[in-house]
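> Sequence first, then the predicted structure:
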Amino acid sequence: MNTTLNILGITVPIYLTIALGYVCTRMGLFAKAEMQVFGRFTLQLALPALLFNALSQRSVAEILNLNYLLAYALGSLLVMGLGLWWARKVLGQSLSYSSMMAMGMSCPNSGFVGYPIILLSFGPVAGVALALNMVVENFLLLPLLLAIADAQGRPGQWKSVLLQTAKNVLRNPMIWGVVAGFAFSLSGLQMPAPVGRTVDLFAQSSAVLSLFVIGGSLVGLQARGLQGTVLPIALGKLVLHPLAMWAVLVWLVPIEDPALRAAALLTGAMPMLGIFTILNQRHGHGTVSAAALLVTTVLSFFSLSALLWLLQVHPV
């Protein structure tokens, strides 16, 4: 009973905040377009500040956990490959559609949902896990998937596709938050107190605002008539991805720190990234990706609660 209450003490506040964002937007207290403004603030200021804080206050040896990077990359690439194979060979879909399905299965919402849940579950290690996740997602997973999607109708132009993808990565403020955090950690400098408190203010706003934005962004999304695609994506994200992470952690790449090990497993169980729909709209897959985002986010309350219970009863 105590274990169940502890788990609900972690997941209920997270999903109540998401629900509050949904209700406030649905009732008209905020327009859905304002969620985009809040989202840009979170992506461009709050989360970069959080990443900078998490990295700049630790030594590089403490941060740069190569086993974590390798385990997270391998588990995610495994699911990505299975998603691409399923969409291409079994369903006979296009490259861009297959990329969309694989992205939904293998790219979690590390910042908007993952960070708050890991923070409540395991404390300050959440910032380190988020930074390492950002490295893998922004330098490996997303560039690879976007390059595959953009290759649709552009055979033989992989170089230009990869170059454009690299440019997009370098425009990501969260990547610069990671780079600046590593650089400051290496420098050995101490941040002036007024500057440190200012960064803290922005960083502390990231958790609640990111969850509120997720809720508001779900308003108007529908999943009717798309079960044939949405359910495989949801199962791939919420079941296959954490299973792949568990297999990698147990049999291939062990992580010594138990908190980081649990963070890697939990990351795999998060719903897909919040900009999933935006990234797939340009190829005409906005409707199905929005439906998958809605269904997976709702179902993740139950799957994450179950996984957190398992981690307390049987640590990985």
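Done, it's in.

> which residues does L266 contact?
By Cβ atoms under 8 Å, 6 or more residues apart in numbering, the contact set of L266 is G114, I117, I118, S121, P242, L304, L307, L308, L311. For every residue, glycine as well, the C-beta is placed using N, CA and C.

> Give me the buried subset of those.
Neighbour-count burial (16 or more other Cβ atoms under 10 Å) applied to the contacts of L266 gives G114, I117, I118, S121, P242, L304, L307, L308, L311.

> for the first one, what are its contacts?
What it means is G114. Neighbours of G114 in contact, by Cβ under 8 Å, 6+ apart: P108, A129, L130, N133, L266, T267, M270.

> Same question for the closest residue to it other than its chain neighbours, what's its three-state structure.
Using Cβ to Cβ, 6 or more residues apart in numbering and skipping residues adjacent in sequence, the residue nearest G114 is M270, 4.6 Å away. Using DSSP: H, G, I helix; E, B strand; the rest coil, the structure places M270 in coil.

> hang on, P116 packs against T11?
No - P116 lies out of contact with T11 (Cβ atoms under 8 Å); the separation is 10.2 Å.

> pLDDT below threshold where in this protein?
The chain contains residues with pLDDT under 70 at 1-4, 152-162, 164-165, 222-227, 316.

> Show me the strands in it, by range?
With DSSP state E, there are no strands along the chain.

> Quick check, central residue of it?
N109 (2.2 Å; Cα atoms, centre = their mean).

> List the contacts of that one.
Counting by Cβ under 8 Å, 6+ apart, N109 touches I214, M270, P271, M272, L273, G274.

> who touches I233 in this structure?
Residues near I233 by Cβ under 8 Å, 6+ apart: M101, G104, M105, M272, A292, T296.

> and the gap between the last one and M270?
Per Cβ to Cβ, to the nearest Å, T296 is found 9 Å from M270.

> Which neighbours do the two have in common?
Here T296 and M270 have K237 as joint contacts, going by Cβ under 8 Å, 6+ apart.

> that older thread, possible to save the buried ones among the contacts of L266 as a markdown table with distance to A183?
Formatted as a markdown table, the buried ones among the contacts of L266 follow (distance: Cβ to Cβ, whole Å):
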| residue | distance to A183 |
| --- | --- |
| G114 | 24 |
| I117 | 28 |
| I118 | 24 |
| S121 | 29 |
| P242 | 33 |
| L304 | 34 |
| L307 | 35 |
| L308 | 35 |
| L311 | 34 |
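
> Could you pull out the buried residues of the longest helix anywhere in the chain?
The longest helix of the chain (DSSP state H) is helix 286-313. Neighbour counts using 16+ other Cβ under 10 Å place 286-301, 303-305, 307-309, 311 of helix 286-313 among the buried residues.

> hang on, the earlier thing: among the buried ones among the contacts of L266, which one lies nearest to L55?
Ranked by distance to L55 (Cβ to Cβ), these are led by I118 at 15.6 Å.

> from memory the closest one sits against P124, does it?
No - between I118 and P124 there is no contact under Cβ under 8 Å: 10.0 Å.

> shared neighbours of these two, which are they?
With Cβ under 8 Å, 6+ apart, I118 and P124 have no common neighbours.

> The residue nearest to L294 when sequence neighbours are not counted: what's it in contact with?
In space, and not counting its chain neighbours, L294 is closest to L221: 4.1 Å by Cβ to Cβ, 6+ apart. Counting by Cβ under 8 Å, 6+ apart, L221 makes contact with A290, A291, L293, L294.

> if we can go back for a sec, and the contacts of G114, which is closest to Q44?
L130 (15.8 Å).

> In this structure V199 contacts A193, no?
No - under the criterion of Cβ under 8 Å, V199 makes no contact with A193, lying 10.9 Å away.

> Which one's more surrounded, the two?
V199 (17 against 8; other Cβ atoms under 10 Å).

> mind giving me a markdown table with the contacts of I233 and columns for distance to G21?
A markdown table is the format used below for the contacts of I233 (distance: Cβ to Cβ, whole Å):
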| residue | distance to G21 |
| --- | --- |
| M101 | 26 |
| G104 | 21 |
| M105 | 25 |
| M272 | 17 |
| A292 | 19 |
| T296 | 17 |
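
> For those residues, work out which two are farthest apart.
M101 and T296 (12.1 Å).

> Just the buried residues from the contacts of N109, in PyMOL please.
Buried subset of the contacts of N109, written as a PyMOL selection, criterion 16+ other Cβ under 10 Å:
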select buried, resi 214+270+271+272+273+274
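
> Run a quick neighbour tally on K167.
Using other Cβ under 10 Å, K167 is surrounded by 9 other residues.

> start at 487 instead
Done: numbering now begins at 487, and the last item shifts to K653.
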